[in-house]
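Colleague: The sequence and its predicted three-dimensional model are supplied below.
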Amino acid sequence: MQQSPMFVTNTTLLGNKHFLHIFHRKPFPVRGTKRCFNSTSVFFMSASNRHFFVGGNWKCNGSKKSIRELADLVNGIQLEPNSGTQVVCAPPFPYLDFVRSLLKKEVGVAAQNCWIHGNGAYTGEVSVDMLLDLGVEWVILGHSERRHIPELHESDETIAQKTKRALDSGLGVILCIGELLQEREEGKTLDVCKRQLGAVAKVVKDWEKVVVAYEPVWAIGTGKVATPEQAQEVHAVVRKWFSETVSPQVADKIRIIYGGSVNGQNCNLLAGQKDIDGFLVGGASLKPEFANIVSSHSHSQTRV
Ligand SMILES: O=C(CO)COP(=O)(O)O
């Protein structure tokens, strides 16, 4: 005889993440057993209420045709109800307006850079006011390509001033930090990250609209992803730095996301780490696997 379905739920805390466990009776009891439940565990909220954040950094890629296709792909991603996951796409400057008009409103748009000053006689630059005028909500600052490509070579101080200008005007900032391979090999990873953050902390007091992206330079575009343990170690130190240097409240609230060769395969393990609150994705954000990365927080510890 078929039994009526029965659901039992409870919740547990793993790391900083709450899981809802749903036990459902199998349609037919296994012979000789009375207990016959399958269980499904579903991640539903960070204990600290940090919503998962996934940014797609499209870098210097795209055409009107390919960007239209990519926007269709992003619009097709089903954001899990109540997950609070935030998705933001960062196209090159000339496509910002086009992308804002194509993407559904739940998906944010970020610029990949902004000018350090306001409007004026600055040939070739794009001001924060212009970004706001286009409905852009975020800007990526301090990306390693802007710090380290010799023709660009932005300093910690320049990045800090840009961050201040963007925040003062009401934009959110995805602030990238991270060490070069040589710096990692010399054991300087944590010092480099703290130095880069420290420059910003000198001029920024309100961190409400900042997401920190830890992007080890050796992992960017190389296929050499940091292990979940390597990333978690740095994220934990960064959070501790916020607690000691800014405040425990900011440390608890601020999203620290990981970037560097994230793809549809490695995202779940990374997303399961206590202090990894999302991703900044380069190459894989141009492909269908971006959808897997967006939903990785809910699969990071799912057991069926
Ligand atoms: O630079 C990155 C995101 O900003 C990461 O790039 P990849 O994901 O291509 O390694």
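Modeller: That came in fine, so what should we check first?

Colleague: Now do the spatially closest residue to residue 77 that is not a sequence neighbour: how many residues are near it, please.
Modeller: In space, residue 77 comes closest to residue 291 once its chain neighbours are excluded; the distance is 4.6 Å by C-beta to C-beta, 6 or more residues apart in numbering. C-beta coordinates here come from the backbone N, C-alpha and C atoms, glycine included. Residue 291 has 16 neighbours, counted by other C-beta atoms under 10 Å.

Colleague: in this structure, which ranges drop under the pLDDT threshold?
Modeller: The model of the chain has pLDDT under 70 over residues 1-48, 301-304.

Colleague: And the helices in it?
Modeller: 64-75, 96-102, 128-133, 144-148, 156-169, 181-185, 189-201, 228-245, 248-253, 267-271, 290-294, 296-299 (DSSP state H).

Colleague: buried sites along the second one?
Modeller: It refers to helix 96-102. Going by neighbour count (16 or more other C-beta atoms under 10 Å), the buried part of helix 96-102 is 96, 97, 98, 99, 100, 102.

Colleague: list the contacts for whichever residue of the stretch 51-200 of the chain sits closest to the ligand?
Modeller: As assessed by C-beta to the nearest ligand atom, the ligand sits closest to residue 57 within the stretch 51-200 of the chain, at 3.7 Å. By C-beta atoms under 8 Å, 6 or more residues apart in numbering, the residues touching residue 57 are 90, 112, 140, 143, 259, 280, 281, 282, 285.

Colleague: Repeat that for residue 69.
Modeller: Counted by C-beta under 8 Å, 6+ apart, residue 69 has zero contacts.

Colleague: Up against the ligand, what does the chain have?
Modeller: Proximity of the chain to the ligand (C-beta under 6 Å from any ligand atom) is limited to residues 57, 143, 215, 220-221, 259-262, 280-284.

Colleague: and with 8 Å instead?
Modeller: Proximity of the chain to the ligand is confined to 55, 57, 59, 140, 143-145, 176, 213, 215, 219-223, 259-263, 280-285 under the rule C-beta under 8 Å from any ligand atom.

Colleague: Residue 117 is nearest to which of the helices of the chain?
Modeller: Nearest to residue 117, of all those, is helix 156-169, at 7.5 Å by C-beta to C-beta.

Colleague: Can you spell out which helices and strands pack onto the closest one?
Modeller: On a contact count with 3 or more C-beta pairs under 8 Å, 6 or more residues apart in numbering; DSSP states H and E, helix 156-169 meets helix 128-133, strand 138-141, strand 172-177, helix 189-201.

Colleague: So which of the contacts of residue 57 belong to strands?
Modeller: Using DSSP state E, the subset of the contacts of residue 57 located in strands is 90, 140, 259, 280, 281.

Colleague: and these as TSV, adding neighbour count and distance to residue 234?
Modeller: Formatted as TSV, the ones in strands among the contacts of residue 57 follow (neighbours: other C-beta atoms under 10 Å; distance: C-beta to C-beta, whole Å):
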residue	neighbour count	distance to residue 234
90	27	22
140	25	19
259	27	12
280	28	14
281	29	18
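
Colleague: In JSON lines: those residues, plus distance to residue 233.
Modeller: Output for the ones in strands among the contacts of residue 57, formatted as JSON lines (distance: C-beta to C-beta, whole Å):
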{"residue": "90", "distance to residue 233": "27"}
{"residue": "140", "distance to residue 233": "24"}
{"residue": "259", "distance to residue 233": "16"}
{"residue": "280", "distance to residue 233": "18"}
{"residue": "281", "distance to residue 233": "21"}
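
Colleague: before we move on, back to that, which pair of the buried residues of helix 96-102 spans the longest distance?
Modeller: With distances taken as C-beta to C-beta, the most widely separated pair in those is 96 and 102, at 10.9 Å.

Colleague: circling back: so which of the helices of the chain gets nearest residue 116?
Modeller: Of all the helices of the chain, it is helix 156-169 that lies closest to residue 116, at 5.1 Å by C-beta to C-beta.

Colleague: Look at the nearest residue to residue 130 once chain neighbours are set aside and say how many residues are nearby.
Modeller: Among residues not flanking residue 130 along the chain, residue 119 sits closest, at 7.5 Å (C-beta to C-beta, 6+ apart). Residues within reach of residue 119, counting by other C-beta under 10 Å, total 12.

Colleague: Give me the phi and psi angles of residue 119.
Modeller: phi -60, psi 160 (degrees, to the nearest 10).

Colleague: Verify the stated contact: residue 273 with residue 232.
Modeller: Yes. Contact criterion C-beta atoms under 8 Å: residue 273 and residue 232 qualify, at 4.1 Å.

Colleague: Could you find the closest non-adjacent residue to residue 70?
Modeller: residue 286 (6.4 Å).
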